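Colleague: Here is a sequence with its predicted model. Questions after.
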Amino acid sequence: MFSGIVEEKGEVRSRDGHRLALACRRVLDGSEVGASVAVNGVCLTVVDRGAGVLGFDLSDETLTRSGLTRLGPGDAVNLERPITLASRLGGHLVQGHVDGIGRIARIAHGDDQGARIRVSIPGDLLPFVVEKGSIAIDGVSLTVADLHADGATFAVIPHTLVATTLGTASPDDPVNVEVDVIAKYVDRLLAAHSATDGSASDLTDEGRTDERKAER
């Protein structure tokens, strides 16, 4: 589990098929083989550890569901180690399980050195996005400032622009999107409850039909 508070920007050292090697410093501490690290919001398992470098294997599912497939040598990535029970939850609960790929639609820089970034979000994820709610974009915990029919706008402070890859993002860039896990659980529970109610209603109607047949 992560918080969406990026610890450092790493750099892609190499990408060879399904193997990804990243140069980093801060997240090396405690990231032994078998540990988890969020890379642009994707939870990956460390399979190799060298001097200033962490290696990860990318599954077909990861390459299909995220934007990691476009990474190449020299590209910057957002890195975060898992939170602990003693950590402050500065962002929100992030699983590192990407729900879909969005795109940067517009970037408007302000006089305060911050920016308003509009992101197009896949339609099936929009019901989980609410104004002032939290969402992870490339592993960065952001608050929804405005909702749109096709996505959302985020007010990004100068520190976040400097500390993450959002500071060098451009329109049409793909981004990994993970919506709030609590919203997904609520949606699933409501769907299951509705299905149960529907089945109960059908059974009741069938019972009444059988009673009418018996009376005749």
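Modeller: That came through, no problem.

Colleague: So V77 sits against R13, correct?
Modeller: No: applying Cβ atoms under 8 Å as the test, V77 and R13 come out as separate, 10.7 Å apart. Quick note: C-beta positions are derived from backbone N, CA and C, even for glycine.

Colleague: Identify the contacts common to these two.
Modeller: Shared contacts of V77 and R13, defined by Cβ atoms under 8 Å, 6 or more residues apart in numbering, comprise L22.

Colleague: and the protein, what are its domains?
Modeller: For the chain, the structural domains run 8-80, 100-181, 182-216, going by automatic domain parsing.

Colleague: Please report how far the most centrally placed residue in the chain lies from L142.
Modeller: For the chain, the residue nearest the mean C-alpha position is E178 (2.5 Å; Cα atoms, centre = their mean). For E178, the distance to L142 equals 11 Å [Cβ to Cβ, to the nearest Å].

Colleague: Pull up the overlap in contacts between the two.
Modeller: Residues within reach of E178 and of L142 at once, by Cβ under 8 Å, 6+ apart, are I135, A136.

Colleague: what distance separates the start and the end of stretch 134-147?
Modeller: Chord length of stretch 134-147, first to last residue, is 12 Å (Cα to Cα, to the nearest Å).

Colleague: Okay, buried residues for it please.
Modeller: Neighbour counts over stretch 134-147 (16 or more other Cβ atoms under 10 Å) mark S134, I135, A136, I137, D138, G139, V140, S141, L142, V144, L147 as buried.

Colleague: now the residues you listed as TSV including secondary structure?
Modeller: Below are the buried residues of stretch 134-147 laid out as TSV (DSSP: H, G, I helix; E, B strand; the rest coil):
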residue	secondary structure
S134	strand
I135	strand
A136	strand
I137	strand
D138	coil
G139	coil
V140	strand
S141	strand
L142	strand
V144	strand
L147	strand
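
Colleague: ok, how many other residues are close to V177?
Modeller: For V177, the neighbour count with other Cβ atoms under 10 Å is 27.

Colleague: P158 now?
Modeller: Around P158 there are 14 residues (other Cβ under 10 Å).

Colleague: Let me know the pLDDT of the closest residue to it other than its chain neighbours.
Modeller: Spatial nearest neighbour of P158, excluding adjacent residues (Cβ to Cβ, 6 or more residues apart in numbering): Q113 at 4.1 Å. On pLDDT, Q113 comes in at 92.

Colleague: Are we agreed that Q113 is in a strand?
Modeller: No: read with three-state DSSP, Q113 is coil and lies in no strand.

Colleague: Which one of the buried residues of stretch 134-147 is nearest to D48?
Modeller: For the buried residues of stretch 134-147, the minimum distance to D48 (Cβ to Cβ) is 21.0 Å, reached by G139.

Colleague: shaky segments in the chain?
Modeller: Within the chain, the segments meeting pLDDT under 70 span 197-216.

Colleague: all helices for it, in order.
Modeller: Ranges of helices in the chain, per DSSP state H, are 60-65, 158-163, 181-215.

Colleague: tell me which residues in the first one are buried?
Modeller: Judged by neighbour count using 16+ other Cβ under 10 Å, the buried positions of helix 60-65 are T62, R65.
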